[in-house]
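Chemist: Show me how the following folds:
(chains A, B, C and D)
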Number of protein chains: 2
Amino acid sequence: MSQSRPVYLKLRDQIAAAIIEGKYPEGEMLPSVRALAAEQGANPLTVAKAYQQFQNDGLVEVQRGVGMYVVAGAAGRLCSSEREQFLREEWPEIRNRMERLGIDLAELAGTLEAN
Amino acid sequence: MSQSRPVYLKLRDQIAAAIIEGKYPEGEMLPSVRALAAEQGANPLTVAKAYQQFQNDGLVEVQRGVGMYVVAGAAGRLCSSEREQFLREEWPEIRNRMERLGIDLAELAGTLEAN
DNA sequence: ATGAGTGTATTATGTCACTGATGCACCTAG
DNA sequence: CTAGGTGCATCAGTGACATAATACACTCAT
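Modeler: As a prediction, the model looks like this:
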């Protein structure tokens, strides 16, 4: 009940953000499943499950016995696909909910600057 | 994978939207657990679990042997609480994600009209 | 009183996602 | 070849979720 969202999905989002922001540069090796697991206090298998999402999409390249590397263009492709998914699937629901709750876009505009 | 969100939470959201939109007017009786279960193809106990969220918050009044009634001011209170929750918990994450993906508020403004 | 309609409590069962521990296959450095 | 690092496959445990079958307490129209 405490953690509504699965850990491996949280890790996936976190890694995706890191790739897009260039924290894990293209061509570089990702942290090993054991290393990231120790850092995040999770199980290596849980980290591996998060990594698998990316190798299924061809965003990371696996070299068995060596490590997983970010392929060239991964950040761009990842950003594009997530952007499209957001606009197509998530935003409509958010928009409906805002409409129902009487929240205006202008009301949210100010928060964009308040970083 | 098909049902990422529990059924009783989906029902809860659906009922909350119906109350806010006035589909279930204040003072009126909610559909019985058996009736809504039959309509939604769910188990009566699952519907009861969804209803219980509302009686815990004092938004519906239970008359044993009769039914559950929407209390006066339920729509307003529900709208306020959900609005506050949205602004406090959900919007910051959405904002961060939009920033990372390079999505501008102006880009979304047009979709508000396209109902 | 009776019966049909409410919500609710109890117990049991099956499914599935999540997580974890262990061991294996692979590569590289020495 | 050996040692230590990879990723990965297998098996199992845990808990939430949904469903089910009853049974009960209550109210209201009849």
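Chemist: Low-confidence stretches in chain A?
Modeler: Filtered on pLDDT under 70, chain A yields the residue ranges A:1-3, A:111-115.
Chemist: for DNA strand C, what are the nearby residues on it?
Modeler: A:3, A:6-9, A:42-46, A:49, A:63-66 (CB under 7 Å from any atom of the strand). No exception for glycine: its C-beta is placed from N, CA and C like everyone else's.
Chemist: So which of these are in helices?
Modeler: Secondary structure from DSSP state H places A:7-9, A:44-46, A:49 of the residues of chain A next to DNA strand C in helices.
Chemist: Show me just the buried residues among those residues.
Modeler: A:7-8, A:46, A:49 (16 or more other CB atoms under 10 Å in any protein chain shown).
Chemist: re the thing from before, if we check DNA strand D, which of the ones in helices among the residues of chain A next to DNA strand C are in contact?
Modeler: Applying CB under 7 Å from any atom of the strand, the subset of those adjacent to DNA strand D comprises A:44-45.
Chemist: still on that earlier bit, which of the buried ones among the ones in helices among the residues of chain A next to DNA strand C lies closest to DNA strand C?
Modeler: Proximity of these to DNA strand C was ranked by CB to the nearest atom of the strand; the top entry is residue A:7 with 2.7 Å.
Chemist: Phi, psi for residue A:69 please.
Modeler: phi -120, psi 140 (degrees, to the nearest 10).
Chemist: Same question for the one 3 residues further on.
Modeler: Recorded main-chain torsions at residue A:72 are phi -70, psi 140, according to degrees, to the nearest 10.
Chemist: Max pairwise distance over the ones in helices among the residues of chain A next to DNA strand C: which two?
Modeler: Using CB to CB, those span at most 16.7 Å, a distance reached by A:9 and A:44.
Chemist: Residue A:25 and residue A:70 touch, don't they?
Modeler: Yes: between residue A:25 and residue A:70 there is a contact under CB atoms under 8 Å: 6.8 Å.
Chemist: Comparing these two, which residue is more hemmed in?
Modeler: The neighbour count for residue A:25 versus residue A:70, taken as other CB atoms under 10 Å in any protein chain shown, is higher for residue A:70 (23 against 12).
Chemist: which residues touch the closest residue to that one other than its chain neighbours?
Modeler: The shortest distance from residue A:70 to any non-neighbouring residue, by CB to CB, 6 or more residues apart in numbering or on different chains, is to residue A:26 (4.8 Å). Residues near residue A:26 by CB atoms under 8 Å, 6 or more residues apart in numbering or on different chains: A:70-75.
Chemist: Switch those residues over to CSV; also include distance to residue B:84 and secondary structure.
Modeler: CSV is the format used below for those (distance: CB to CB, whole Å; DSSP: H, G, I helix; E, B strand; the rest coil):
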residue, distance to residue B:84, secondary structure
A:70, 40, strand
A:71, 43, coil
A:72, 45, coil
A:73, 42, coil
A:74, 38, helix
A:75, 36, helix
